[in-house]
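Visitor: Here's a sequence, model it:
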Amino acid sequence: MSLFRNPFDSRPGWGCACGRHASTAEHEAGSPGAEELSARALRAAALRALFPKDAERRRFLRAVGRPTAMAALASLFPFGALEAMAQDKGKIERKDVKIGFIPITCATPLIMSSPLGFYEKQGLNVTLVKTAGWALIRDKVMNKEYDASHLLAPMPLAISLGVGSGALPMNVATIQNSNGQAITLALKHKDNRDPKNWKGFKFAVPFEFSMHNFLLRYYLAEHGLDPDRDVQIRVVPPPEMVANLRAGNIDGYLGPDPFNQRAVYDQVGFIHLLTRDLWDGHPCCSFGTRSDWVKENPNTFAALYRAVLNAAAMAAGPENRTTIAEAIAPANYLNQPVPVLEQVLTGRYADGLGNVKNVPNRIEFDPVPWNSLGVWILTQMKRWGYLKGDVRYKEIVQQVYLMTEAKRLMKAEGIMAPAEMPKKIVVMGKPFDAARPEAYVESFAIRKSA
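Guide: Sure, this is the predicted structure:
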């Protein structure tokens, strides 16, 4: 069935009399072009997803009318971005693009795309702007100073919802990395590894709306500590974490690399555990932008998308990690010793306790923004009081995360994408069912609302 009209139905609001157009105006103007047909196909798919049965769709359209139906769908689905992705490669609207980033290995695909020529191959002249912290990244994205940006995975969800800032619709194109974080402690705690003894500790995380904050809270709570009462959690920009550890301002941090490895390299801390030991396959950072920028620059956005997807495909190959470490080490990128980055990217590393470990998936690069990841993030925002009341988990994530289009573009670029998320979500032994998010939130003994 067509989204807009049954070809044998000439009732008002269901298209023109000939049955080939969505409206009388379009009938009079002539046949629609390819872009209009593509847009209709996307809206038809969205409506089928919401109303799988033909009878349900017909009742919905009869009840509210086509304009209201389209407005309702537009509030749930990022059609501007989806339509851009559905079109063939077109002429880019702007060659010069400014992208913000934080100097951490989580941004590897985004950063390496510059020195290794992935942006140039797509006809783009990208300026990467090293930025001091995540609050500044957020503000510059919202103020339109950056066209696109390296973002923590929870940030686009928080910004879209207006949590912690004004509300602004955002889209996540890719997840920049999986795993790639650690809990690092000061050397004075090397004989105090049991979290149950950490009451009174001062921890750092890079931002409130970060996987670091949510994973640290989860870890502490699973060991009986209330993260809002029993410890202090403060926001510290990643480049300042090692210095704060050295100065004794904090006892440890759950932070991004390379600063866990850098603490070991500088002999001021040790790696207590990798976050892949809490949740193997968890997201950390993402690549995204404002939804309005996508609509204004669809071909430019698609070109950026292709560049970062191809970089992620290269980064996923273990055989490429040493080359990548050398490419992202210079001062204008991460400004780190190559051996530090090699230890992070290859997974063969010193832990600061006299051991050399080999963990090949210490950091991984699956670029697909799987919807289940976003739903888990929202459950933790609800668990710790950042979200109140009823949360439309699935709808919110579908609006922000461009999962389907990431997979489609990967296929177009010859990059294999799995049909389903490669790893099930299991956090500290507890499985997560994305279909039952509220029950998951309520299952925790320690939470803000408890």
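
Visitor: Where do the domain boundaries of the chain fall?
Guide: 1-77, 96-176+284-337+353-442, 181-277 (automatic domain parsing).

Visitor: Export these as CSV, with columns for distance to L345 and mean pLDDT.
Guide: To be clear about C-beta, it is placed using only N, CA and C from the backbone, and glycine gets the same treatment. As requested, these are exported to CSV (distance: least, Cβ to Cβ, whole Å; pLDDT from 0 to 100):
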stretch, distance to L345, mean pLDDT
domain 1-77, 36, 51
domain 96-176+284-337+353-442, 4, 95
domain 181-277, 9, 98
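
Visitor: Dump these to CSV, plus distance to Q343 and mean neighbour count.
Guide: Listed next are these as CSV, based on distance: least, Cβ to Cβ, whole Å; neighbours: other Cβ atoms under 10 Å:
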stretch, distance to Q343, mean neighbour count
domain 1-77, 42, 14
domain 96-176+284-337+353-442, 9, 20
domain 181-277, 5, 21
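
Visitor: Ok, which of those comes nearest V344?
Guide: domain 181-277 (4.4 Å; Cβ to Cβ).

Visitor: how far out from the middle of the chain is that closest one?
Guide: 22 Å (Cα atoms, centre = their mean, to the nearest Å).

Visitor: What of stretch 101-112?
Guide: How far stretch 101-112 lies from its chain's middle: 13 Å, per Cα atoms, centre = their mean.

Visitor: swap in stretch 166-178?
Guide: Worked out by Cα atoms, centre = their mean, stretch 166-178 lies 5 Å from the chain centre.

Visitor: With just CA atoms, put it into CSV.
Guide: Below are the C-alpha coordinates for stretch 166-178, written out as CSV (Å, rounded to 0.1, in the frame of the first residue of the first chain):
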residue,chain,number,x,y,z
GLY,A,166,19.2,24.2,25.7
ALA,A,167,17.4,21.7,23.5
LEU,A,168,18.7,21.3,19.9
PRO,A,169,18.0,18.4,17.6
MET,A,170,21.2,16.4,16.9
ASN,A,171,22.1,13.4,14.8
VAL,A,172,24.7,10.7,15.5
ALA,A,173,26.4,9.5,12.3
THR,A,174,28.8,7.0,13.8
ILE,A,175,30.1,5.6,17.0
GLN,A,176,33.8,6.5,17.0
ASN,A,177,35.0,3.7,19.2
SER,A,178,34.0,0.8,21.5
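
Visitor: And the next helix or strand past the helix or strand where A406 lies?
Guide: According to DSSP states H and E, A406 maps onto helix 403-412. Where DSSP H and E defines the elements, the next helix or strand beyond helix 403-412 is strand 426-427.

Visitor: which helices and strands does that next one pack with?
Guide: Helices and strands touching strand 426-427, by 3 or more Cβ pairs under 8 Å, 6 or more residues apart in numbering; DSSP states H and E: there are none.

Visitor: contacting residues around it?
Guide: With contacts defined as Cβ atoms under 8 Å, 6 or more residues apart in numbering, strand 426-427 is touched by Y218, L278, W279, D280, H282, W376, F432.

Visitor: Closest one of the residues you listed to P154?
Guide: W376 (9.9 Å).

Visitor: Helix 403-412 and the helix or strand that closest one falls within, what's the angle between them?
Guide: Assigned by DSSP H and E, W376 falls within helix 371-383. Helix 371-383 runs at 150 degrees relative to helix 403-412, counting by axes from the mean of the first three to the mean of the last three Cα atoms, to 10 degrees.

Visitor: can you confirm V129 is in a strand?
Guide: Yes. V129 forms part of a strand when assessed by DSSP: H, G, I helix; E, B strand; the rest coil.

Visitor: any idea how far E296 is from it?
Guide: Separation of V129 from E296 (Cβ to Cβ, to the nearest Å): 20 Å.

Visitor: for D96, same thing?
Guide: Counting by Cβ to Cβ, the gap from D96 to E296 is 14 Å.

Visitor: do M428 as well
Guide: Per Cβ to Cβ, M428 is found 43 Å from E296.

Visitor: Kindly indicate whether R234 is helix, strand or coil.
Guide: Applying three-state DSSP: R234 is strand.

Visitor: which ones are touching the residue nearest to it when sequence neighbours are not counted?
Guide: In this structure, R234 finds its nearest non-sequential neighbour in A204, 5.7 Å apart by Cβ to Cβ, 6 or more residues apart in numbering. A204 is in contact with I233, R234, V235, V236, M241, N244, I250, G252, Y253, L254, G255, counting by Cβ under 8 Å, 6+ apart.

Visitor: what's the most distant pair in those residues?
Guide: V235 and G252 (14.6 Å).

Visitor: My reading is that the residue nearest to R234 lies in a strand. Confirm?
Guide: Yes. Counting by three-state DSSP, A204 falls inside a strand.

Visitor: Need the pLDDT of G90.
Guide: G90 carries a pLDDT value of 77.

Visitor: in what helix or strand does the closest residue to G352 other than its chain neighbours lie?
Guide: Closest residue to G352 apart from its sequence neighbours, by Cβ to Cβ, 6+ apart: F270 at 3.0 Å. According to DSSP H and E, F270 maps onto strand 269-274.

Visitor: again, but for A63
Guide: Assigned by DSSP H and E, A63 falls within helix 54-64.

Visitor: Let's see that helix as PDB, backbone CA atoms only.
Guide: C-alpha atoms of helix 54-64 as PDB (Å, rounded to 0.1, in the frame of the first residue of the first chain):
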ATOM      1  CA  ASP A  54      -2.500  -1.800   6.700                       C
ATOM      2  CA  ALA A  55      -5.800  -1.300   8.500                       C
ATOM      3  CA  GLU A  56      -3.900   0.500  11.400                       C
ATOM      4  CA  ARG A  57      -2.200   2.900   8.900                       C
ATOM      5  CA  ARG A  58      -5.500   3.600   7.100                       C
ATOM      6  CA  ARG A  59      -7.200   4.400  10.400                       C
ATOM      7  CA  PHE A  60      -4.400   6.700  11.500                       C
ATOM      8  CA  LEU A  61      -4.300   8.700   8.300                       C
ATOM      9  CA  ARG A  62      -8.100   9.000   8.200                       C
ATOM     10  CA  ALA A  63      -8.200  10.200  11.800                       C
ATOM     11  CA  VAL A  64      -5.500  12.900  11.700                       C
END
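
Visitor: Run through the neighbouring helices and strands of that helix.
Guide: Helix 54-64 packs on helix 34-50, helix 66-76, going by 3+ Cβ pairs under 8 Å, 6+ apart.

Visitor: Fine, thanks again, bye for now.
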